[in-house]
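**Q** coords below, sequence missing:
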């Protein structure tokens, strides 16, 4: 879900960027000094930084990029952050109040009747992974020298595409994930406590990235699709989920009997537990193969969640599906396209 504060943040930063572009030229060298003077007595608070508007006035915006220091902290929202800066930046971007609960990764909170939730990649997770990958790729651009040719952004992507492609001129989710895992900063998305679930999260976010530009819906990217997906000028769309003629923002939740469903990247993602009785709590344990949902049960999911949708798709790659069965708390996740 993208709050209003985030949209305002993006709009205001664009205004600042436009002003910066207008200053390019002989006067550009004076910009850092001018900004330091204008922002000299401005205090923006944690998670924010001072920027200069097109009118030459100081304004506080959410920090665009934190330094990749590894000092994990657990937020009051139960989410683990790479460092204090990332926590305060997230609080600023989401417009929510998040405090440091304690240093280190968040510990699992046990309850008598734990209700399972599906492991999902939210739009913010998808976009953050994409931002880190683009930042890493841009750092590998080599300008042309006097006697040597450098490498532009497209050529850098082409190099990696060929390195991880198995020869079919397509990158599937397994190959895309191996590409992403080449960079430690890009990989370090630690929303969950255990590493196995975080590995699954990366797989889901890679699927979400593939879905952005997979024009023929084959869960593989050609080089042109790969280039579009990671183009700095491409703005990923904000998708909503449909339910009973209404639309819901990313992160919205609902329940169908004992199963919990979450809206993530435009799809309802649900746990797939067999319910012995209505409103029964979902046991946090691994399901056995014989407990898989029947066609009738899946049809009931569709009727309850999306009356205008006639079929259920398991909208994850083969790689992600193989990981799902290894997560004790969530053994199966069904994805219902929110069209």
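**A** The structure has been received and is ready for your questions. In this text the structure is predicted, and so the values were computed from the model without any measurement.
**Q** low pLDDT regions in the stretch 151-300 of the chain?
**A** Scanning the stretch 151-300 of the chain with the threshold set as pLDDT under 70 gives 185-195, 276-300.
**Q** can we see that at 90?
**A** Residues of the stretch 151-300 of the chain that meet the criterion pLDDT under 90 lie in 151, 180-204, 216-217, 237-240, 242-260, 265-300.
**Q** then the stretch 1-150 of the chain?
**A** 1-43, 45-47, 51-58, 64-70, 77-78, 94-97, 107-121, 124-125, 128-129, 139-150.
**Q** please redo it, this time with the cut-off set to 80
**A** By pLDDT under 80, the low-scoring segments of the stretch 1-150 of the chain are 1-35, 108-117, 143-150.
**Q** so which residues of it form helices?
**A** Applying DSSP state H, counting those that start in this stretch to the stretch 1-150 of the chain gives helices spanning 4-23, 31-38, 84-94, 123-138.
**Q** and what of the stretch 151-300 of the chain?
**A** Ranges of helices within the stretch 151-300 of the chain are 153-164, 173-180, 184-187, 195-213, 223-229, 295-305, based on DSSP H, counting those that start in this stretch.
**Q** so who does the closest residue to residue 120 other than its chain neighbours touch?
**A** Residue nearest to residue 120 in three dimensions, not counting chain neighbours: residue 264, with 3.8 Å by C-beta to C-beta, 6 or more residues apart in numbering. C-betas here are computed from N, CA, C, even on glycine. Neighbouring residues of residue 264 by C-beta atoms under 8 Å, 6 or more residues apart in numbering: 120, 121, 122, 123, 208, 250, 251.
**Q** please apply the same query to residue 237.
**A** Residues near residue 237 by C-beta under 8 Å, 6+ apart: residue 212.
**Q** what about it, distance to residue 93?
**A** For residue 237, the distance to residue 93 equals 18 Å [C-beta to C-beta, to the nearest Å].
**Q** repeat for residue 257
**A** 35 Å.
**Q** what's the local residue count around residue 48?
**A** 19 (other C-beta atoms under 10 Å).
**Q** wouldn't it be in contact with residue 58 here?
**A** No - at 11.5 Å, residue 48 and residue 58 do not qualify as touching, with contact defined as C-beta atoms under 8 Å.
**Q** what are the phi and psi values for residue 68?
**A** Main-chain dihedrals, residue 68, degrees, to the nearest 10: phi -80, psi 50.
**Q** pretty sure it is in contact with residue 85, am I right?
**A** No - between residue 68 and residue 85 there is no contact under C-beta under 8 Å: 9.6 Å.
**Q** look at those two and report which has more neighbours.
**A** Shown here are residue 68 and residue 85; by other C-beta under 10 Å, residue 85 has more neighbours (19 against 14).
**Q** was I right about that one contacting residue 62?
**A** No - counting by C-beta under 8 Å, residue 85 does not reach residue 62; the two are 11.0 Å apart.
**Q** find residues that contact each of these two.
**A** What both residue 85 and residue 62 touch, as defined by C-beta under 8 Å, 6+ apart, is the set residue 47.
**Q** give the contact list for the closest residue to residue 127 other than its chain neighbours.
**A** Distance criterion C-beta to C-beta, 6+ apart; nearest residue to residue 127, sequence neighbours excluded, is residue 236 at 6.0 Å. Residue 236 sits next to 123, 126, 127, 130, 212 when contact means C-beta under 8 Å, 6+ apart.
**Q** redo the residues you listed as CSV? Include distance to residue 242 and neighbour count.
**A** Below are those laid out as CSV (distance: C-beta to C-beta, whole Å; neighbours: other C-beta atoms under 10 Å):
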residue, distance to residue 242, neighbour count
123, 16, 22
126, 19, 23
127, 21, 19
130, 24, 21
212, 19, 18
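**Q** need the contact list for the residue nearest to residue 56 when sequence neighbours are not counted.
**A** Among residues not flanking residue 56 along the chain, residue 38 sits closest, at 6.8 Å (C-beta to C-beta, 6+ apart). Contacts for residue 38 were tallied using C-beta under 8 Å, 6+ apart; they are 50, 52, 56, 57, 58.
**Q** could you rerun that using 7 Å?
**A** 52, 56, 58 (C-beta atoms under 7 Å, 6 or more residues apart in numbering).
**Q** filter those down to the buried ones.
**A** Neighbour-count burial (16 or more other C-beta atoms under 10 Å) applied to the contacts of residue 38 gives 52, 58.
**Q** for the contacts of residue 38, which one is nearest residue 167?
**A** Distances from residue 167 to the contacts of residue 38, taken as C-beta to C-beta, are shortest for residue 52 (50.4 Å).
**Q** the closest one pairs with what?
**A** residue 58 (DSSP bridges).
**Q** pretty sure it contacts residue 35?
**A** Yes - between residue 52 and residue 35 there is a contact under C-beta atoms under 7 Å: 5.2 Å.
**Q** isn't residue 206 up against residue 172?
**A** No - counting by C-beta under 7 Å, residue 206 does not reach residue 172; the two are 9.8 Å apart.
**Q** who's more crowded, those two?
**A** More crowded of residue 206 and residue 172, by other C-beta under 10 Å: residue 206, with 28 against 20.
**Q** identify the residues contacting the more buried one.
**A** By C-beta under 7 Å, 6+ apart, the contact list for residue 206 reads 173, 176, 177, 180.
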